[in-house]
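# coords below, sequence missing:
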């Protein structure tokens, strides 16, 4: 281009209208070219030019996009894609300070040195470029532009306190996504802008922000390059970034370029830091606020005079040094690195035949690495392209397969972003003239795929980082519109048709997905709709029958399936108080009505289930010790371990005991209890009331109803089993009433000589023989296991069969069952079936000191001690659980207890008395040695052919 045109450098800070001035100047000429630093900014300027001049005369040329009408007058391009030989009247380059950028600086420097318009040339950028431009561009004139508004530093702010219309800047994709997710949770959502986004995605995201759907923008430093947005505050989440080679701190002028996006046109702006970013130094703050920075001293430069004779000569020309003190040779860019990598491949060197091949190879190497892959991976793709182009063009079928693999809109944000990066490669290839067949088709096809992926990416970004419900509600709140709230029959609360929470009982639970900033406003709107609903529910609850209410095993109070309160400790163990679950916004009247109904419910429930205790408390006939014992029972909620009140029971006379028995009190051998209170419902309430009275944090749960025994868990206190109506013994705990029935059966057994478990014992406990043995061990009995031949049951005779009265032959023993018939000669003997049995004896632990035997008890002692046990006044050995209660349904009788005080010996070989001794009742105790001659018993004649008669005789004689 001609170098005699007027060259002007329009310099100044951000928000000075430099780009707007350049567009006006270009449209004032017959033709013009403007170069911009970003594809996104190029698209924005293109749309503005089209709006003023129409699409027929405005072209857009970027690496991946090419819209060139036949009558093009104005070219809007990225700096790399600027046409330099078209002879335009006007040429402009924006953000000229990027000449110092290590990655792209050589491109901007080349345009500064060589790009000229026939009539006018403009360079827009920072004032730090003034000395360099003055030294490198002869005859340049400078125009200084002042900022329309002021910038002020506000320090550090948490994201939760970030003002509206703020932009939070991050310097990595991961950082941007993390911040956006945090803002979605706390602020309702944000828009995301990154340089890697396609223009279509970026425009859609910016529209979310500009339209007010969201009040926050999370972006990379791409917003610092001329994007004009309505931003009031810019916050840096970091002050360092990775520049492609290393992590480094941002320079003050880079911070200023980004912070300058705040406060557009005449509105002032602020900037600061957030998150873990350290506070800015005072010098940096002053430089940003007053736009005073160190001037640029070196520009990145690369030789533009390339030699294409051989690859080696091309590389040498690219690495040529400069003698200009303002210029510094740029480090190898991606295209040079790719050239060096390809030149070392034998496959490529074999195809190099002349300068045309070298130039083609250099054009291929200039394909950007949009995928951000490794050098070798990118070089492999370029080698494939070079091989295709050396033969002619890229095959359409191969390109079609590559594009079809990318044309998928499913997946998450990362997957779609990766596909967008891949399609940009093929879009760039399709834009190169002569590289593909049917160029228009592939340009349209790749553009369509990019648009589909862009729309999908925008949808995923919005879905992930924007709460649509929140954004709509927040916008209406800002517009002072009245929100319409409703409550349906399920308790779901909606505001403006959006679900915001649920009314459970008399408490409103706000939807957890709403952001904290809007929670208070949404809650106020919801409570406006809930006020009449609270009163209606309170009336309905107050009139509900008790059958609709219940309490849980942890003390909760339920109305159907909804928690409406909880039980708390009251003035007495049987008088629990209540605490209602009612929101303050419902009002004191509703809260009082709900509390009063809950108190009525629990009072009536306690009175109904513990009516025997209430009746016993009201009985004025109970006086003295009986009344005191009744008070103990009420305190214990109807269940007392016998060993805890043994002394008090001894002090009760028969009249006092009888008075208590009238109220259902049973004095068991192990427990004193009221059988009516062992039912599941009273047991469940007893556990809750006792836990409340004792201040437990976690209440014991009642056992399932109908179980005779439950596991005995060592970690569970014994008192919990007693309150549940069970007594621990061995590895199981047996129900109290069943244990007393078992104790009645055990009293009739000789616990010294030993006895076997009767079938009714196993039936009562519902246990197997082995389980019963473990239970008996827990009760203080020792079980000796043995085996014997199982006696088979004999079929009874028929009613009409004759009964023989012949005597038993001498060879038939009366002490053994009839002999089995001898097996036939040669036949095998029948197998003998064995059975297991246990013999139980009372086995208390040995005492450390045997007390002296007292005088023989007189008649009138209380019955109930097992045979061989000590009288009630003498305790068993330590650790031996041998309760000494009275026998159920029997009055006090005279005579000694079973086996008490008698020194006679049992006959040798005699069987223990199954009934037990009855005390001194006018004769010798059973089982004692006989001191008087007895007449022989008369033998009845026995029919030896009748096996039942023989067995009966054996039983009687034994």
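Ah, there it is. Computed from a predicted model, the values in this text were never measured in an experiment. Numbering: from 1, shown residues only.
# Spatially, which residue comes closest to residue 320, not counting chain neighbours?
Of all residues not flanking residue 320 in the chain, residue 303 sits nearest, at 4.1 Å (CB to CB, 6 or more residues apart in numbering). C-betas here are computed from N, CA, C, even on glycine.
# how about stretch 69-84: buried residues?
72-83 (16 or more other CB atoms under 10 Å).
# so which pair among the residues you listed is furthest apart in space?
Spatial extent of the buried residues of stretch 69-84 (CB to CB) is set by the pair 73 and 80 at 21.6 Å.
# What residues are bridge-paired with residue 729?
With DSSP bridges as the criterion, residue 729 is bridged to residue 732.
# how many neighbours does it have?
By other CB atoms under 10 Å, the residues close to residue 729 number 24.
# is it fair to say residue 213 lies in a helix?
No: going by DSSP: H, G, I helix; E, B strand; the rest coil, the assignment for residue 213 is coil, not a helix.
# and it, how many neighbours?
If you count neighbours by other CB under 10 Å, residue 213 ends up with 19.
# Then residue 769?
Counted with other CB under 10 Å, residues neighbouring residue 769 total 16.
# quick one: it from residue 183, how far?
From residue 769 across to residue 183, the span is 71 Å (CB to CB, to the nearest Å).
# One more: residue 678?
Taking CB to CB, one finds residue 678 at 61 Å from residue 183.
# ditto for residue 791
From residue 791 to residue 183 the distance is 87 Å (CB to CB).
# between those two, who's got more neighbours?
residue 183 (27 against 10).
# Could you verify that that one is part of a helix?
Yes: assessed by three-state DSSP, residue 183 belongs to a helix.
# per-residue pLDDT, it?
As predicted, residue 183 sits at a pLDDT of 88.
# now it: how far from residue 170?
12 Å.
# Overlap of the contact sets of the two?
Common neighbours of residue 183 and residue 170 are listed as residue 218 (criterion: CB atoms under 8 Å, 6 or more residues apart in numbering).
# still on that earlier bit, got the buried residues of stretch 69-84 as TSV, with distance to residue 585, secondary structure and pLDDT columns?
Putting the buried residues of stretch 69-84 into TSV (distance: CB to CB, whole Å; DSSP: H, G, I helix; E, B strand; the rest coil; pLDDT from 0 to 100) gives the following:
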residue	distance to residue 585	secondary structure	pLDDT
72	66	coil	94
73	66	coil	95
74	62	strand	96
75	64	strand	96
76	58	strand	96
77	61	strand	95
78	58	strand	94
79	61	helix	95
80	62	helix	92
81	62	helix	92
82	65	coil	94
83	68	coil	92
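# what about the closest residue to residue 198 other than its chain neighbours, how many neighbours?
What sits nearest to residue 198 in space, not counting adjacent residues and going by CB to CB, 6+ apart, is residue 454, at 4.3 Å. If you count neighbours by other CB under 10 Å, residue 454 ends up with 22.
# Please list all residues in contact with residue 454.
Contacts for residue 454 (CB under 8 Å, 6+ apart) come out as 197-201, 204, 420.
# now do 10 Å
197-204, 409, 416, 420, 423 (CB atoms under 10 Å, 6 or more residues apart in numbering).
# repeat for residue 535
586-587, 589-590, 593.
# One more pass at 6 Å, please.
By CB atoms under 6 Å, 6 or more residues apart in numbering, the contact list for residue 535 is empty.
# And for residue 494?
Going by CB under 6 Å, 6+ apart, residue 494 touches residue 486.
# Let me know the next secondary structure element after the host helix or strand of it.
Using DSSP states H and E, residue 494 sits within strand 492-495. Remark: after strand 492-495, the chain's next helix or strand is strand 498-504, criterion DSSP H and E.
# name the helices or strands packed onto the next helix or strand after that next one?
Where DSSP H and E defines the elements, the next helix or strand beyond strand 498-504 is strand 507-510. With contacts taken as 3 or more CB pairs under 6 Å, 6 or more residues apart in numbering; DSSP states H and E, strand 507-510 sits against strand 498-504.
# buried stuff in the strand it packs on?
498, 500-501, 503.
# Identify the residue with the minimum pLDDT among these.
Confidence-wise, residue 498 trails the rest of these, at 72.
# Rebuild the buried residues of strand 498-504 as a markdown table, extending it with distance to residue 740.
A markdown table is the format used below for these (distance: CB to CB, whole Å):
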| residue | distance to residue 740 |
| --- | --- |
| 498 | 64 |
| 500 | 60 |
| 501 | 55 |
| 503 | 51 |
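# Nearest to residue 23 among the residues you listed?
Nearest to residue 23, judged by CB to CB, of the buried residues of strand 498-504 is residue 498 at 42.3 Å.
# Specify the beta-bridge partners of the closest one.
Going by DSSP bridges, residue 498 forms beta bridges with residue 495.
# The stretch 651-800 of the chain: helices as residue ranges?
With DSSP state H, counting those that start in this stretch, the ranges of helices along the stretch 651-800 of the chain come out as 654-661, 680-693, 718-723, 736-747, 759-765, 769-778.
# looking at those, which is closest to residue 18?
Per CB to CB, nearest to residue 18 of the helices of the stretch 651-800 of the chain: helix 680-693, 76.7 Å.
# Show me the shaky parts of the stretch 501-650 of the chain.
The stretch 501-650 of the chain contains residues with pLDDT under 70 at 513-522, 524-525, 528-529.
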